[in-house]
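Q: okay, structure incoming, though there's no sequence with it:
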């Protein structure tokens with residue numbers, strides 16, 4: 001599915017048990033498409049992945065921070081360096097590859113800072129060989 005398409009049945013099924021998180025996803029999809037241009041969306045059992053040539057980000061319901069309650073989405077993306085922000089947790093699965101997780105608890109959490117990071121993730125993924 002292309003990011004410019006309307007929300008499809010697979011996405012609605014993904015959010016079936018957590019419908020309150022769907023507005024977060026819809027805002028992310030709209031704003032990321034505006035910032036980064038079109039990309040492919042693949043829905044799996046535990047995450048929705050965003051691709052160009054390679055995967056550059058995904059969303060899930062992973063609880064990467066303790067105490068998360070209510071509706072949320074975890075936005076995960078990779079970069080070549082660690083970002084320092086209280087909004088993020090990060091791991092280095094191998095040298096020169098940092099995986100960042102941002103827990104978003106409402107549509108307002110999809111802001112310019114997060115979108116800048118995601119655009120960097122698109123560029124990082126496209127630059128990998």
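A: Ah, there it is. All figures in this text were calculated on a predicted structure; none of them were measured in a lab.

Q: can you map out the helices along this structure?
A: Listed in chain order, the helices of the chain (DSSP state H) span 9-14, 22-36, 112-127.

Q: is it possible to get CSV of the ones you listed that adds mean neighbour count and mean pLDDT?
A: For the C-beta atoms, the positions are set from N, CA and C on the backbone; glycine is no exception. Shown next, in CSV, are those (neighbours: other Cβ atoms under 10 Å; pLDDT from 0 to 100):
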stretch, mean neighbour count, mean pLDDT
helix 9-14, 14, 94
helix 22-36, 18, 96
helix 112-127, 16, 95
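
Q: same list, these, but as TSV with distance to residue 96 please.
A: As requested, the helices of the chain are arranged in TSV below (distance: least, Cβ to Cβ, whole Å):
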stretch	distance to residue 96
helix 9-14	31
helix 22-36	22
helix 112-127	10
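
Q: what's opposite the residue nearest the centre of the chain in the beta bridge?
A: In the chain, the centroid-proximal residue (Cα atoms, centre = their mean) is residue 75; its distance is 3.4 Å. On the basis of DSSP bridges, residue 75 is bridged to residue 59, residue 102.

Q: quick check: it touching residue 101?
A: Yes: assessed by Cβ atoms under 8 Å, residue 75 is found in contact with residue 101 at 7.3 Å.

Q: so residue 100 makes contact with residue 93?
A: No: the criterion here is Cβ under 8 Å, and residue 100 misses it with residue 93 at 11.5 Å.

Q: in terms of neighbours, single out the busier of these two.
A: residue 100 (22 against 8; other Cβ atoms under 10 Å).

Q: which ones are touching that one?
A: For residue 100, the contacting residues are 76, 77, 78, 79, 82, 83, 88, 89, 90, 117, by Cβ atoms under 8 Å, 6 or more residues apart in numbering.

Q: cutoff 7 Å now
A: By Cβ atoms under 7 Å, 6 or more residues apart in numbering, the contact set of residue 100 is 76, 77, 79, 83, 88, 90.
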